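**Student:** Prediction below, plus the sequence it came from.
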Amino acid sequence: MNATASVALARTFGAFVKAAALKAGYPVDDQRSGARSRLAVDAGMSPATVSRILNGQSLPDPNHLEGLSRAIHVPVSQLLVRSGVVSEGALSGAAPSAVPPLSVEDIAEALGIRSPNNVELLRGLVRTLQQTEGIDESGHGGEQAHTR
C-alpha cells in the first residue's frame with residue numbers, strides 16, 4: 001500500500017471509529033468530556049493512540065482491535081476489514097483453505113490405535129470403504145458405486 005492510500009485508509013478508519021464511538025455513547029467530539037480517555041481505558045489503549053486514530057492520523061495495531069471492538073460495539077471482523085488488516089473476501093470464506101487429507105496413520109493415532117496389525121486392519125477398512133464410494137487411492141472420485 002502506498003503512502004497516499006495509507007493516509008486515506010487511516011482517515012476513513014478514524015471517521016468510522018468516531019461514528020461508532022459516538023453511537024456507543026462516547027462523545028469524542030467534545031475534547032473536554034473525557035470521552036476519549038474513557039474510550040482508551042475501555043479499549044485497553046493509550047489516550048494518545050485513541051486520539052491519533054480518531055483524528056485519522058494512524059491505524060491501530062491489530063492487537064488493539066479486539067478491545068476497540070468491545071468498547072465501540074462493532075464486530076472485530078468489521079474492524080479487521082476497515083483497518084486493512086484483512087480483505088472482505090478473506091472473512092467471507094471466499095478462499096478455500098488448503099487442509100491436507102488425513103492419512104490412515106493420522107486417523108489411527110487420533111483414535112489411539114497403535115498396534116501395527118490394527119493399523120493395517122484400519123488401512124484395509126478404509127480401502128474397502130473408498131472402493132465402495134468410488135474413490136481411488138489418491139482420494140479422487142467420490143461418485144458412489146452403488147445407488148441408495
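**Tutor:** Looks like it arrived, so ask away.

**Student:** what stretches of this structure score poorly on pLDDT?
**Tutor:** Low-confidence segments of the chain, defined by pLDDT under 70, span residues 93-100, 137-148.

**Student:** Give me the residue at the spatial middle of it.
**Tutor:** L91 (6.1 Å; CA atoms, centre = their mean).

**Student:** Would you confirm that that one contacts R82?
**Tutor:** No. Contact between L91 and R82 fails when scored by CB atoms under 8 Å: they sit 11.4 Å apart. In short, each C-beta sits where N, CA and C put it, glycine included.

**Student:** helix or strand right after the lengthiest helix in the chain?
**Tutor:** Counting residues, the longest helix found in the chain (DSSP state H) is helix 3-23. Reading on from helix 3-23 to the C-terminus, the next helix or strand found by DSSP states H and E is helix 35-43.

**Student:** could you say what helices and strands the next helix or strand after that next one packs with?
**Tutor:** Next in sequence after helix 35-43, counting helices and strands by DSSP H and E, comes helix 47-54. Where contact means 3 or more CB pairs under 8 Å, 6 or more residues apart in numbering; DSSP states H and E, helix 47-54 is packed against helix 3-23, helix 35-43.

**Student:** what's the closest of the ones you listed to E133?
**Tutor:** Taking CB to CB as the criterion, E133 comes closest to helix 3-23 out of the helices and strands packed on helix 47-54, the separation being 48.8 Å.

**Student:** how far is that closest one from where the chain is centred?
**Tutor:** Distance, stretch centre to chain centre, for helix 3-23: 21 Å (CA atoms, centre = their mean, to the nearest Å).

**Student:** Contacts for it next, please.
**Tutor:** In this structure, residues lying in contact with helix 3-23 by CB atoms under 8 Å, 6 or more residues apart in numbering are 1, 28-29, 35, 39, 53-59, 68, 71-74, 82-84.

**Student:** out of those residues, which are buried?
**Tutor:** Buried subset of the contacts of helix 3-23 (neighbour count, 16 or more other CB atoms under 10 Å): 28, 35, 39, 53-54, 56, 58-59, 68, 71-72, 74, 82-84.
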